[in-house]
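1. Compute the structure for the input listed below.
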Amino acid sequence: MATFDPAALEALAAIVEEGGFERAAQRLSITQSAVSQRLRALEAQVGTVLVVRTRPLRPTAAGQLLLKHTKQMRLLRADLERDLRDLAPSSTGGTREEERISLAINADSIATWALPALDALARQGLPLEIITDDQDFTQDWLREGQVLGCVTTVRQALRGCKVLPLGAMNYVAIAEAGFARERLPQGLTQHNFRDTPFVAFNRKDDLQGEFVAQAFRLKRVTLNQLFVPSSEGQVRAVLAGWGVSVVPELLVRGLVAQGTLVDVAPGTRVPVQLFWHCWNLESAVLDQLTAAIAEAARKDLAPA
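-> Numbers count the residues shown, from 1 in each chain. Below you'll find the model as predicted:
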């Protein structure tokens, strides 16, 4: 089996992760020419192009395989540094930028239960990088080898990965109390939802439509939507009177109890089942991550 130059692999990873050669050079503290030379040497060794020079840059299929291999090598180094730290606390220095342990987690989980799950590991010095995407798409980051684990709605495990059911995150439809009194005195109904603005996360967010379809037993719905790409931002937009939003019950439970926000569809909940996927590797760091995420999900999510 061919042995690949770790420096060249990290150059490839930096190009993809930073989105270009210039920023990759800055991260690696080398010249842009040196980054290009390392990539060319790696492409010559593999015998194929590894990066498509589009905007944004993207790895080829071969590039994705080498990127996944690079991430796995980072995980092995993190395991080694952890073991060395236990044996000789002064034997390891600071974390290099290229040693990041990357995870893909949906924004609603980040805003509610996921960060507390990772708190202890972050405080121990684990160099985490959390990438956010819609829960239906976070597995794509794992498939492309850009992260070592993800929280997703996808049940099926990828080849070489394992999957753990986490539970369900319940979603509710909420509005600011004054907005609800003025615009929705009878609550959200099948007669007024078309005239009601909905605050969605982004164009990938189909929870707003799914909620309305389930609440009123409709096959297809068309909504008047505004887009705010932040879970907390959606809540702030609702508090400002922009409209209704379907958000995690965990995120707004306190505001609903205070009466600041109103549940405009009482009794209707849309449960979104979440799963943890990660590479099927023997790794103490990966085992710690899996255990921490599973424990937090057990406490905060509804049973699957």
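
2. Distance check, residue 135 against residue 294.
-> Distance, residue 135 to residue 294, by Cβ to Cβ, to the nearest Å: 17 Å. C-betas here are computed from N, CA, C, even on glycine.

3. hey, where'd the helices end up in the stretch 51-200 of the chain?
-> Ranges of helices in the stretch 51-200 of the chain, per DSSP state H, counting those that start in this stretch, are 61-87, 107-109, 115-123, 138-143, 177-183.

4. most packed of those?
-> Counting by mean count of other Cβ atoms under 10 Å, helix 107-109 has the highest mean neighbour count of the helices of the stretch 51-200 of the chain, with a mean of 26.

5. Can you say which of the helices of the stretch 51-200 of the chain is nearest to residue 269?
-> helix 107-109 (14.3 Å; Cβ to Cβ).

6. on that earlier part again, how about the helices of the stretch 51-200 of the chain in CSV, adding distance to residue 273?
-> Listed next are the helices of the stretch 51-200 of the chain as CSV, based on distance: least, Cβ to Cβ, whole Å:
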stretch, distance to residue 273
helix 61-87, 26
helix 107-109, 12
helix 115-123, 17
helix 138-143, 13
helix 177-183, 29
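
7. could I get those helices as JSON lines with distance to residue 39 and mean pLDDT?
-> Formatted as JSON lines, the helices of the stretch 51-200 of the chain follow (distance: least, Cβ to Cβ, whole Å; pLDDT from 0 to 100):
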{"stretch": "helix 61-87", "distance to residue 39": "9", "mean pLDDT": "78"}
{"stretch": "helix 107-109", "distance to residue 39": "32", "mean pLDDT": "95"}
{"stretch": "helix 115-123", "distance to residue 39": "32", "mean pLDDT": "92"}
{"stretch": "helix 138-143", "distance to residue 39": "22", "mean pLDDT": "90"}
{"stretch": "helix 177-183", "distance to residue 39": "53", "mean pLDDT": "97"}
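
8. quick one on the thing from earlier: more neighbours: residue 135 and residue 294, which one.
-> residue 135 (26 against 16; other Cβ atoms under 10 Å).

9. need the contact list for the closest residue to the more buried one other than its chain neighbours.
-> Leaving aside its chain neighbours, residue 135 sits nearest to residue 106 (3.7 Å; criterion: Cβ to Cβ, 6 or more residues apart in numbering). Residues in contact with residue 106 (Cβ atoms under 8 Å, 6 or more residues apart in numbering) are 132-135, 138, 151-152, 274.

10. so what's residue 187 up against?
-> By Cβ under 8 Å, 6+ apart, the contact list for residue 187 reads 180, 264-266.

11. same check, this time on residue 194
-> Going by Cβ under 8 Å, 6+ apart, residue 194 touches 222-224.

12. From residue 185, how far off is it?
-> Counting by Cβ to Cβ, the gap from residue 194 to residue 185 is 17 Å.

13. before we move on, what about residue 57?
-> Note on residue 57: its distance to residue 185, by Cβ to Cβ, is 53 Å.

14. Show me which of these two is the more surrounded one.
-> Using other Cβ under 10 Å, the more surrounded residue of residue 57 and residue 185 is residue 57, with 16 against 8.

15. From residue 63, how far off is that one?
-> Noted for residue 57: a distance of 10 Å to residue 63, by Cβ to Cβ.

16. any common contacting residues for those two?
-> Counting by Cβ under 8 Å, 6+ apart, the residues touching both residue 57 and residue 63 are 16, 51.

17. can you confirm residue 22 is in a helix?
-> Yes. Residue 22: assigned to a helix according to DSSP: H, G, I helix; E, B strand; the rest coil.

18. you'd agree it is up against residue 33?
-> No. Between residue 22 and residue 33 there is no contact, the gap being 11.1 Å when judged by Cβ atoms under 8 Å.

19. Could you check the pLDDT of residue 58?
-> Note for residue 58: predicted pLDDT of 86.

20. May I have the beta-bridge partners of it?
-> residue 52 (DSSP bridges).

21. Now do the same contact list for it.
-> Here residue 58 is in contact with 16, 51-52 (Cβ under 8 Å, 6+ apart).

22. Quick one: buried ones out of those?
-> Buried residues within the contacts of residue 58, counting neighbours by 16 or more other Cβ atoms under 10 Å: 16, 51.

23. And the residue positioned nearest the centre of the chain, how close does it get to residue 37?
-> Residue closest to the average C-alpha location in the chain (Cα atoms, centre = their mean): residue 105, at 2.2 Å. Applying Cβ to Cβ, the value for residue 105 to residue 37 is 35 Å.

24. what's the lengthiest strand in the chain packed up against?
-> Using DSSP state E, we find that the single longest strand of the chain is strand 161-176. Judged by 3 or more Cβ pairs under 8 Å, 6 or more residues apart in numbering; DSSP states H and E, the packing partners of strand 161-176 are helix 207-216, helix 231-239, strand 245-248, helix 249-258, strand 261-263, strand 270-279, helix 284-300.

25. Cool, thanks, signing off.
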